[in-house]
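J.: Sequence below, structure please.
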Amino acid sequence: ASQSTVTPSTQYIVGKGTYACKQGHVGNVGGGEDDLISVTIGAHTIEGSQGHYLEIRAAGYTAGNANNKTIKGYFGGIQFLASGAVGFKNKPWFFNGDIVTNNSLANNFRITGIFECDTTKVHVDTAIGPLDATLDQILKFTGESAGAATNDIVQTKFIIEKGFGLN
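T.: Numbers count the residues shown, from 1 in each chain. Just a heads-up that it's a prediction; the model follows:
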């Protein structure tokens, strides 16, 4: 008679839950770079080799004028996104991405994702760090209008979900 051998396997379980959800209509004010919606990422939220990550979804719209507009993203004061000055005219914009830890380097992160507005598409793959994961860090988007018009760039939502893997 034959006998089957059971070999244990490694299972990877992924869990995810809402970390922050902000909605509203926050726009730039005149000329210069202005903060839109920001979220404080608490100390120890994503660090080390725990397989933690943050999934980012941000969205908004632009005014219906031909002013050049720039949308940027920052994590811990380090820029990870720049749309470039583009004449987005009455268009929705969004960013979908992730912040993951770099397991081999303490306090180093990588942000990957895609920003889209009209025909502009920016692929993000940015190393962030060193950045102290034991301190609160700000994750934010900013808007700037070359025409110095208020509400040229408006952010309407910012959803952050925390994911973690258990091995």
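
J.: Grab the most central residue of this protein for me.
T.: Note on the chain: the residue nearest the mean C-alpha position is Ile56, at 4.3 Å, using C-alpha atoms, centre = their mean.

J.: Pretty sure Ile99 is one of the things that residue touches, is it not?
T.: Yes: Ile56 is in contact with Ile99 according to C-beta atoms under 8 Å; the separation is 6.8 Å. C-betas here are computed from N, CA, C, even on glycine.

J.: Please identify every residue contacting each of those two.
T.: Between them, Ile56 and Ile99 share these contacting residues under C-beta atoms under 8 Å, 6 or more residues apart in numbering: Leu139.

J.: how about the helices in this structure?
T.: Counting by DSSP state H, the chain has no helices at all.

J.: Under the pLDDT cut-off, which ranges of it? List them.
T.: Applying pLDDT under 70 to the chain flags the ranges 1-17, 47-51, 102-106, 165-167.

J.: any chance you could map the strands in it?
T.: Assigned by DSSP state E, the strands in the chain fall at 13-27, 33-41, 53-62, 69-75, 78-82, 92-101, 109-117, 120-128, 137-145, 153-166.

J.: Contacts for the fifth one, please.
T.: Residues lying outside strand 78-82 but in contact with it, judged by C-beta under 8 Å, 6+ apart, are 70-74, 95, 111, 113, 115, 122, 124, 126, 128, 131, 141.

J.: May I see the buried residues of that strand?
T.: Using 16 or more other C-beta atoms under 10 Å as the test for burial, strand 78-82 gives Phe80, Leu81.

J.: could you turn that strand into CSV, dropping everything but the C-alphas?
T.: What follows is strand 78-82 as a C-alpha-only set of coordinates in CSV (Å, rounded to 0.1, in the frame of the first residue of the first chain):
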residue,chain,number,x,y,z
ILE,A,78,10.3,64.0,1.2
GLN,A,79,8.7,64.5,-2.2
PHE,A,80,7.6,61.4,-4.0
LEU,A,81,5.3,62.9,-6.7
ALA,A,82,5.4,65.9,-9.0
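
J.: Provide the strand pairings for that strand, with the direction of each partner.
T.: Strand 78-82 has its sheet partners listed here by DSSP bridges as strand 69-75 (antiparallel).

J.: Next, the angle from the strand it pairs with to strand 53-62.
T.: In terms of direction (axes from the mean of the first three to the mean of the last three C-alpha atoms, to 10 degrees), strand 69-75 departs from strand 53-62 by 160 degrees.

J.: got the angle for strand 69-75 vs strand 33-41?
T.: 30 degrees.
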